[in-house]
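Enquirer: Below are the sequence and a predicted model for it; my questions follow.
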Amino acid sequence: MESTLLPSQSGDGGAFETGLPSAAPQYILLDFFFPGFSVFSAAVTKYLHIDLNVYIPLVLLGACLTFAWRSLSETFWQIIESHAMSVVDIRTDDEIYNMLMAWVAAQRFAQGARRFVVNTNLNSRSWFLWRWDSDDEDEVDDGSVDAAATSGKKKKALAYTPTFGSHWFWYQGRLLIFRRTQNRESNGFLLASEREEISISCFGRNPWILKELLHEARETYVKRDQAKTLIYRGSSKNPGGEPTWQRCMARTSRPFSTVILNEKVKKDLIDDVTDYLHPATRRWYSNRGIPYRRGYLLHGPPGTGKSSLSLALAGFFKMRIYIVSLSSVTSNEENLATLFAELPRRCVVLLEDIDTAGLTHTRENNTSASAGDGGASNMVPGQVTPGKDANATATNNVGRLSLSGLLNILDGVASQEGRVLIMTTNHVEKLDKALIRPGRVDMIVKFDRADHGMTAAIFRAIFAPLEGDDVPNPSQADATSKLLIRPLDPEAEKKKAAEAARKKDEIITRISKLAEEFAAKVPEHEFSPAEIQGFLLKNKRNPEAAVEGADKWIVERRKERQEKEILDAERKREEEVKKKKEEEEEKKKKEEEERKEKREKRKEAKRKAKKASRRSKRHSGSDDSSDSSEEGSESEAVESKGGKKKRKSTGEDNDKDKDKAAVVTGEVTKAEDRDGI
Ligand SMILES: Nc1ncnc2c1ncn2[C@@H]1O[C@H](COP(=O)(O)OP(=O)(O)OP(=O)(O)O)[C@@H](O)[C@H]1O
């Protein structure tokens, strides 16, 4: 092989002997870019007899070509993209991100990706879009499910999505590109998984296919939640931060029938909401200039079904429910206004505990809050609920919600027309009339503790067999597996179905009988449905035990209640004693302050009197001096006759001044007496 020897190689030894090329200009250059290249090249030449110099131009050419190809293709793509393609960028802080990712995870190209991202929760990490509904854990029936998840214990489904880069796929016969890139802005506040951008592009200047895909993604996503009631709660990420609606749960919609309430009341409520939500009603309202809103007030003791009815209503009308508890610390006027401004047009808004909102400033009686005698008989509508906020003073209610603030929000521009407003309270009697006047509250539903019929209904609801109930009965499971192996003939199947129906009827009859027995034992209007349900759930597989244990439970419950009442009374007494003590201390302090003030005033008066006396003294002194000047030599004569007379006259003046001072002091004292000091 022909080799180009460097001058030093054929010359005087040196580099030739060491086998290292001397510093030829191209080697200097190459060494600069690739340190050690000259040594490597010399070694290759010496041992392999390959002269790398021959290949350098080729390598350079290749590099140039690669570079040119890259930049050309990039430019080419940019031109194509901007002139011949349509692209949709998806924001990671919008719900469409969740929708699209759920759709992508179900596609073949995502499941077939060799490098992918695996998630148990595909949703955006933006905290307000984050979903942690436990129900989703059971959803293992979509395409992205890990097969292992279906076996045995239910696990969270695994979703696979393609990793960063471009991924080509076919959709409705069109070639599309799903691109997932790392967000170039390195915002320190973003989580790692938030730092991504996704886009979908298609060839052609018409983006209809992309829109279709997005619609499909949304439909699929919404369908998943169709049988569920989406619950949002108003909260802020950090204290003092801006509040927003946070999706907190997707519950399987509660059938109306499971809320035990007077059937007529239920029907009236459903009819009313149905009529309100009818498209023609909106026009009717707007034609007459009436604000298109409807409000409902649910009131009654705790655990009687107010929240359950609200959720059932939202589920029945397939609306999202937005819940705010007015007793929460964050519910001040500003926060509530922000939340109301973000409400969608058609939804249910549930304002819980409107009596505990600290609505101290009523519109009717602004001074009532300061009346402060606190007795229940003197309760003014809109006052703070005693027990929780009774001690709240004007100062510690700063930043809290006032009644007029709440009314402004309910009526104001931030309030979306078309929403169904439900307010719940345990103390309807404490609400201001303005809050529940027609237009704000159009229907009032009263809830009560369970009567005979309700108790029996709760019993039946818990023990009667329902479609889809899992009966953990080993013999039954055995029978089912046998059935799977050896199918029955139609006749036998019919017989079996009839037998099952007969058995079911028998169970229902038995449960109805037991329900009556149970209801007869439970006194009416003493226990809330929640309390009864709590007891029955303890015996959910044994209705007979529930009936048997009812008497004992009632005794225990009464005892518990009594103990609680005693504890409450004790706590109340302690609080009262503490309050009294505080009041006494306050009184003492006040008295002491008053005494101090009196003393100060007296001192001040004395000081004034002294001052006056001194002034009058000075006055009389100056009179004397003028007399003396007038009298001239006469005074001198008097002086020379001896200071006795002068001293005498001064003494008289002093006595006069003293009298004068006494008169002044008397005046001040009188003035003090007038002021009641
Ligand atoms: N009328 C009812 N029908 C069916 N279930 C009820 C009824 N009342 C209460 N329950 C059950 O009791 C539990 C508590 O009910 P819920 O939260 O609706 O009461 P609430 O009146 O809203 O109470 P609170 O005033 O304390 O918010 C729920 O599990 C619910 O199933």
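Expert: Looks like it came in fine. Note that the structure is a prediction, hence the values are computed from the model and not measured. Numbering: from 1, shown residues only.
Enquirer: Now do the helices in the stretch 51-200 of the chain.
Expert: The residue ranges that make up the helices of the stretch 51-200 of the chain, judged by DSSP state H, counting those that start in this stretch, are 52-84, 95-105, 108-111, 147-150.
Enquirer: These into JSON lines, with extra columns for mean pLDDT and mean neighbour count?
Expert: (Glycine included, C-beta is placed from N, CA and C.) Formatted as JSON lines, those follow (pLDDT from 0 to 100; neighbours: other Cβ atoms under 10 Å):
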{"stretch": "helix 52-84", "mean pLDDT": "86", "mean neighbour count": "11"}
{"stretch": "helix 95-105", "mean pLDDT": "87", "mean neighbour count": "21"}
{"stretch": "helix 108-111", "mean pLDDT": "84", "mean neighbour count": "16"}
{"stretch": "helix 147-150", "mean pLDDT": "44", "mean neighbour count": "12"}
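Enquirer: Redo the ones you listed as TSV? Include distance to S307.
Expert: As requested, these are arranged in TSV below (distance: least, Cβ to Cβ, whole Å):
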stretch	distance to S307
helix 52-84	52
helix 95-105	25
helix 108-111	39
helix 147-150	32
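Enquirer: wait, which of these is closest to the ligand?
Expert: Closest approach to the ligand among the helices of the stretch 51-200 of the chain is made by helix 95-105 (27.9 Å; Cβ to the nearest ligand atom).
Enquirer: What is that closest one packed up against?
Expert: strand 85-90, strand 159-162, strand 196-203, helix 208-224 (3 or more Cβ pairs under 8 Å, 6 or more residues apart in numbering; DSSP states H and E).
Enquirer: and of the helices of the stretch 51-200 of the chain, who's closest to R179?
Expert: Comparing those against R179 with Cβ to Cβ, the closest turns out to be helix 52-84 (10.4 Å).
Enquirer: ok and the closest one relative to strand 85-90, angle-wise?
Expert: Orientation of helix 52-84 against strand 85-90 (axes from the mean of the first three to the mean of the last three Cα atoms, to 10 degrees) gives an angle of 80 degrees.
Enquirer: Could you check the angle helix 52-84 makes with strand 196-203?
Expert: Using the same axes, to 10 degrees: helix 52-84 against strand 196-203 is 80 degrees.
Enquirer: Show me what helix 52-84 is packed against.
Expert: helix 25-33, helix 37-48.
Enquirer: Tell me the buried residues in stretch 270-279?
Expert: 273, 276 (16 or more other Cβ atoms under 10 Å).
Enquirer: one step back: return the most buried member of the helices and strands packed on helix 95-105.
Expert: Across the helices and strands packed on helix 95-105, averaging neighbours per residue (mean count of other Cβ atoms under 10 Å) puts strand 159-162 on top, at a mean of 23.
Enquirer: Within the sheet, what are the partner strands of that strand, with directions?
Expert: With DSSP bridges as the test, strand 159-162 is paired with strand 116-119 (antiparallel).
Enquirer: Identify the residues contacting the strand it pairs with?
Expert: Here strand 116-119 makes contact (Cβ atoms under 8 Å, 6 or more residues apart in numbering) with 110, 158-163.
Enquirer: Give me the distance between Q182 and the ligand.
Expert: Separation of Q182 from the ligand (Cβ to the nearest ligand atom, to the nearest Å) stands at 45 Å.
Enquirer: That residue: how many residues sit nearby?
Expert: Using other Cβ atoms under 10 Å, Q182 has 10 neighbouring residues.
Enquirer: right, and it touches R195 too?
Expert: Yes - between Q182 and R195 there is a contact under Cβ atoms under 8 Å: 6.0 Å.
Enquirer: Now do K306: how many residues are near it, please.
Expert: Count around K306 with other Cβ under 10 Å applied: 24.
Enquirer: cool, R205 as well?
Expert: Using other Cβ under 10 Å, R205 is surrounded by 9 other residues.
Enquirer: Need the three-state assignment for it.
Expert: When classified by DSSP: H, G, I helix; E, B strand; the rest coil, R205 comes out as coil.
Enquirer: Could you double-check that it sits in contact with S86?
Expert: Yes - between R205 and S86 there is a contact under Cβ under 8 Å: 6.3 Å.
Enquirer: Identify the residue of the stretch 301-450 of the chain closest to the ligand, quick one.
Expert: Counting by Cβ to the nearest ligand atom, the stretch 301-450 of the chain gets nearest to the ligand through G305 (2.9 Å).
Enquirer: By average pLDDT, which secondary structure element in this protein comes out worst?
Expert: Ranking every helix and strand in the chain by mean pLDDT, DSSP states H and E puts helix 368-371 at the bottom, with a mean of 38.
Enquirer: returning to what we had before: which of the contacts of strand 116-119 sits closest to D355?
Expert: Using Cβ to Cβ, those come closest to D355 at A159, 44.6 Å.
Enquirer: right, and that closest one touches Q111 too?
Expert: No - using Cβ under 8 Å, A159 makes no contact with Q111, being 9.8 Å away.
Enquirer: which parts of the protein sit against the ligand?
Expert: Residues of the chain lying near the ligand by Cβ under 6 Å from any ligand atom: 259-261, 302-308, 426, 447, 529-530, 533.
Enquirer: rerun that using 8 Å as the cut-off
Expert: 258-261, 298, 300-311, 352-353, 424, 426, 447, 450, 454, 457-458, 461, 528-530, 533-534 (Cβ under 8 Å from any ligand atom).
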